[in-house]
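S.K.: Provided below for reference: sequence and predicted model.
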4 protein chains.
Amino acid sequence: MNWLEHSVMARKGVAKGKAGEHHEIRIADQGAFHYVYGPFAEPVLKVSPGAVVSVETHDAFEGKITSESDKPSERLNFPYLNPQTGPIHVEGAEKGDALAVRIISIKPRGPQPVGTTCLIPEFGGLVGTGNTAMLNAPLAEVVKKVRVDETGIHWSDRLVLPYEPFIGTIGTSPEIEAISSLQPDYYGGNMDMPDVAPGAIIYLPVNREGGYLYLGDCHAIQGDGELCGVALEIPATVELQIDLIKGHGNSWPQLETEDMMMFIGSARPLEDATRIAYRELVRWLALETDQSEVDAYMLLTMCGKVRLGNMVDPKYSVGASIAKRYLK
Amino acid sequence: MNWLEHSVMARKGVAKGKAGEHHEIRIADQGAFHYVYGPFAEPVLKVSPGAVVSVETHDAFEGKITSESDKPSERLNFPYLNPQTGPIHVEGAEKGDALAVRIISIKPRGPQPVGTTCLIPEFGGLVGTGNTAMLNAPLAEVVKKVRVDETGIHWSDRLVLPYEPFIGTIGTSPEIEAISSLQPDYYGGNMDMPDVAPGAIIYLPVNREGGYLYLGDCHAIQGDGELCGVALEIPATVELQIDLIKGHGNSWPQLETEDMMMFIGSARPLEDATRIAYRELVRWLALETDQSEVDAYMLLTMCGKVRLGNMVDPKYSVGASIAKRYLK
Amino acid sequence: MNWLEHSVMARKGVAKGKAGEHHEIRIADQGAFHYVYGPFAEPVLKVSPGAVVSVETHDAFEGKITSESDKPSERLNFPYLNPQTGPIHVEGAEKGDALAVRIISIKPRGPQPVGTTCLIPEFGGLVGTGNTAMLNAPLAEVVKKVRVDETGIHWSDRLVLPYEPFIGTIGTSPEIEAISSLQPDYYGGNMDMPDVAPGAIIYLPVNREGGYLYLGDCHAIQGDGELCGVALEIPATVELQIDLIKGHGNSWPQLETEDMMMFIGSARPLEDATRIAYRELVRWLALETDQSEVDAYMLLTMCGKVRLGNMVDPKYSVGASIAKRYLK
Amino acid sequence: MNWLEHSVMARKGVAKGKAGEHHEIRIADQGAFHYVYGPFAEPVLKVSPGAVVSVETHDAFEGKITSESDKPSERLNFPYLNPQTGPIHVEGAEKGDALAVRIISIKPRGPQPVGTTCLIPEFGGLVGTGNTAMLNAPLAEVVKKVRVDETGIHWSDRLVLPYEPFIGTIGTSPEIEAISSLQPDYYGGNMDMPDVAPGAIIYLPVNREGGYLYLGDCHAIQGDGELCGVALEIPATVELQIDLIKGHGNSWPQLETEDMMMFIGSARPLEDATRIAYRELVRWLALETDQSEVDAYMLLTMCGKVRLGNMVDPKYSVGASIAKRYLK
């Protein structure tokens, strides 16, 4: 029997995890992209729980970096970066609920070479930045365009990397804020967490009526931390199933796969992101397995896993997880 | 001769630092307060450079904590905290300019005891918080109401503290974001920096047409770091003179007094806030005194001063300054 | 063919990765344990490169926590914690070399229940500590004794965890410092990195003549971050093969397995530990695969992996690695 | 009446704050300097409580940087940096006591130009370092030699800075560790805190019999944070009065002047250093003024002061203080 039938989505979803009506958001439907996660936009689509939606996303540069001779600093116009498709309004969603978003598939979209990565001045994990402000000269700008299909990533003549796609940026609207799509936070956003991939369900806190789901920034592959600041960015077609969990009450994004349950925290410094993720997991584990928080804390000391999503965005993102086989 | 005549405001302001028309924003004029710094609000007032504005602000709790037996967690409704008066639209302000805001006076407003401080669960510098997530039990909630007038603060039978008022939260609108008034950032906001006091001029980056000046959260006194998270909060009447500096181009708030020039950075961890403030100061000093960045860096190693504003808000705020007597 | 024949140890070791003479250090041989990594101790054993040494280690509490009714704060006498066996002097080792230590096996030692974990006041990842100093009350002390053998860990009636042993603390002596065995650093020490396990080779920088290898603190299992501060601590018998790599010149510990190459950084905050580990890996990868540092940086952005060792010790430890299949 | 008569030293010292026998440690007496704070050295002098000692210290470079054309990276031999005079054994000092060290005077020593500052690669507050590891190219090395006397510091033709000397590095021995004199910690060490100046008394925790007082690294002037990593370093003659406070029990250095009481914390990130300092101050204030920790916490929220010593050393140092006039 499929694990999905035992997922939180199936057990608690308004649509009981069953797929409902199919919808599409194509680039032409979207019109202008959004650069903030907030409540001030009009929904591009309204759906009922259970809806399956095929969403076209643009790459993080909105397609403006077209050649390896481009200079990112000339092509990009901050803060109009990381364009998001959406928002999708989910019927019945209210503050305190969670959207359950199952990721069915992610396919690259558009002409080859479809993948882009680059070095942007004062951005990245091993260079001085606007926050970790240094007097050192920045690294030179570099653009790399890469052929990507579902069979692999042609990194160089010698090296083909596996196609391991995920959604870099996905989340709901804050209640009253409108926050740059470059930032991850309690509502999701730019977490750059490779586990937000086909096969996973992410549970996103709802902060306002309708939830307002945004997404974008798909990556063909990314290492832990998104080290230079830019993964292999692709325009994509993403297929999602969206359910609604009333009163789920998670404070931070929760992610489920066949094998594990994860919570994702975003903060600086990195230990605070990790503390958030682990505290959410402690509390969930204590409830789920009917043990004390202290017992859950000690068990996670033995078998908790940590995944570093990004350490380059305005907040850093960390997932803390436990294998389902230890939920006894 | 008055130092103001040599201030950046006088030398570069559109109104040359001269006081212009007088305006008022009373609580009744304001109507609903704002809880975000953003471009989506309608201006409550439009002024020309040079305008002198008398602004009534509410305390950070919007007056909801009225007694020492109140529980903050019951009275306060997150995220509707730290109410801001404004925004004030400044004629001619465009992205890349700076608003120069001279603080003329801050007077407590309303019935005694006018000052409030408290302990809020999971908030403060020496307790676990939502970000520095802990399993320890929170401290008990406490409210303290204090009589405040311009002659002093009646902290206890034995101890009278001096009245050292300043504006805890002041800033301009981001270009496309709307960010909680609890947060400080490049546009100002909730810096909780005691130097933002009568006698100082603060230069705030303009990010959108009209600038959109917001303010609130006056404090009767505050120690460095705003340790427990809540200073002595007062409703106040603030008198400001607002000028406009075209093309000033500062990336972060700059503050000038008779004796010193400061830049204020906000980030986590605290060393990043300090790096931002000092890098801005290095660059300004190099230009101002016609020396290299390296020479400015070495001089600040000898005589730079650091002030900790807050280490409790979503970002921490630090000012780095140099005495004007060393500008040779 | 065995991967070991292509390991750095086999290719560059003085003994060419060949096993030499066999030695033993039993508890009785050791006499007094060491609580610092430093040059002031007398070697308990001198070996030639290639030596295979069977080492008995004590648990991190030196066996003083014997019952679930013990209070750690009463039993433990700081700083006399985390007792280390050694030092082992390696013939020919000089500053600038590396000790290659292959971990052959780790077996629990002593009467059941052989495993101990506990909560210690003001210590752990989700509580206030001596550094992250809080006013919150500490959690209550807890001791848990657990039966451990090579078939599994009897965590509770319902849950058996796998036996996944590793060496929590291993390293060389600093040149002139003597540093608590509770701390990890550039010479190794208390990294609490689960990859330091049977099947791996760790390359430790030599800082003084003879290298002075210390080890202790074996864990039967540990999650990422060693969350509560104390893994499942066991006394153990460890079998090691020790080789010497002249002029290896690594600044931080390097770890090799059949499938990957890792560098381990230790620092606070956690992003600095990660930066150290990744920068070492960037530089090694650039040399190893004859590409520029920038190309290595971009490749690791796609496929680098991060492992959190501990975020509870005086410095936090992070491993950054790349799969050998990408070394093209 | 002199404030010293009411100092902690006078009230609690074994010698009651009275000056006793006079001693000298000249460079020739010292012989080899020490580069670690530890228990493995032989005392250069033994004194009784009350002793007044005139100590010659070398500059942080041991005089090896003699010209502006020197390259620090060629002249300096890590870890043999920051040479310390001492240790001084204080009769009767035992673990749990504190040494009270009153700083009487600091005079520059040796031929002009006696002051040295410089830029050292990968060291400093606004550059990538060994811990905040970056791929950016380091800044070029610079050496600046400066004439210093007690009337002023001849920084340039235009600018004379005031002579504001203090002891950069002073502390006691750890119990079992020997830690680089570049590092500050609970025992003092390389705090680079400008308040450790003539007119102040510093209370240093005793960790072993005799206390073992070390000092060195005098600065003619330094800004907050010691921004580029190197203050204006001078060889000096320091006059100290040393008393002993039995069972004082402070966990971190405490500093008293006529006007204020400070505690100094050292840690990374900077918020942890600040938390340490403020928690010590909260606890001391609660005891001293017979109020609860929560009341002390709230009072310091109103009037605590923070001083940044350094944010360049292996740990960052912060002082938190309260004015004596608020001790009611």
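M.R.: Cool, the structure landed. What you are looking at is a predicted structure, and each value in this text was computed from that prediction instead of being measured.
S.K.: what stretches of chain A score poorly on pLDDT?
M.R.: For chain A, applying pLDDT under 70 flags the ranges A:1.
S.K.: where exactly do the helices run in it?
M.R.: All helices of chain A, identified by DSSP state H, fall at A:8-12, A:27-30, A:72-75, A:270-288, A:293-303.
S.K.: which of the residues in the second one are buried?
M.R.: In terms of neighbour count (16 or more other CB atoms under 10 Å in any protein chain shown), helix A:27-30 has its buried residues at A:27, A:30. Where you see a C-beta, it was placed from the backbone N, CA and C, and this is true even at glycine.
S.K.: ok, which residues in the stretch 151-300 of chain A are in contact with chain B?
M.R.: Residues of the stretch 151-300 of chain A lying near chain B by CB under 8 Å from any CB of the partner chain: A:175-180, A:265, A:267-269, A:272, A:275-276, A:278-279, A:282, A:293-294, A:297.
S.K.: before we move on, back to that, the helices of chain A into JSON lines, with extra columns for distance to chain C?
M.R.: Shown next, in JSON lines, are these (distance: least, CB to the nearest CB, whole Å):
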{"stretch": "helix A:8-12", "distance to chain C": "21"}
{"stretch": "helix A:27-30", "distance to chain C": "26"}
{"stretch": "helix A:72-75", "distance to chain C": "13"}
{"stretch": "helix A:270-288", "distance to chain C": "4"}
{"stretch": "helix A:293-303", "distance to chain C": "4"}
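S.K.: how about the residues of the stretch 151-300 of chain A near chain D?
M.R.: Going by CB under 8 Å from any CB, the residues of the stretch 151-300 of chain A near chain D are A:P269.
S.K.: Skipping adjacent residues, who's closest to the residue of the stretch 151-300 of chain A found nearest chain D in space?
M.R.: Closest residue of the stretch 151-300 of chain A to chain D, CB to the nearest CB: A:P269 (5.8 Å). In space, and not counting its chain neighbours, A:P269 is closest to C:P269: 3.6 Å by CB to CB, 6 or more residues apart in numbering or on different chains.
S.K.: Now do the contacts for A:K71.
M.R.: Residues near A:K71 by CB atoms under 8 Å, 6 or more residues apart in numbering or on different chains: A:141, A:143.
S.K.: repeat for A:S321
M.R.: Counting by CB under 8 Å, 6+ apart, A:S321 touches A:255, A:260-263, A:281, A:304-307.
S.K.: at 10 Å what do you get?
M.R.: A:195, A:255-257, A:259-264, A:277-278, A:281, A:300, A:303-307, C:223-224 (CB atoms under 10 Å, 6 or more residues apart in numbering or on different chains).
S.K.: Now do it against chain D, distance only.
M.R.: 26 Å (CB to the nearest CB, to the nearest Å).
S.K.: Equivalent analysis for A:G17, please.
M.R.: The gap separating A:G17 from chain D is 43 Å, by CB to the nearest CB.
S.K.: Could you do A:S105 as well?
M.R.: A:S105 sits 36 Å away from chain D when distances are taken as CB to the nearest CB.
S.K.: pretty sure that residue is touching A:E150, no?
M.R.: Yes - counting by CB atoms under 10 Å, A:S105 touches A:E150, with 9.5 Å between them.
S.K.: Are there residues contacting both of the two? Which ones?
M.R.: Common neighbours of A:S105 and A:E150 (CB under 10 Å, 6+ apart) are A:P165.
S.K.: first vs last residue of stretch A:86-103, how far apart are they?
M.R.: Distance between the two ends of stretch A:86-103: 16 Å, counting by CA to CA, to the nearest Å.
S.K.: which residues sit in contact with A:F61?
M.R.: For A:F61, the contact set (CB under 10 Å, 6+ apart) comprises A:70, A:72, A:75-76, A:81-83, A:116, A:118, A:120, A:143, A:217, A:230, A:233, A:235.
S.K.: Please state the backbone phi and psi of it?
M.R.: phi -100, psi 10 (degrees, to the nearest 10).
S.K.: repeat for A:E68
M.R.: phi -70, psi -10.
S.K.: ok, it to D:S48 distance?
M.R.: A:E68 sits 75 Å away from D:S48 when distances are taken as CB to CB, to the nearest Å.
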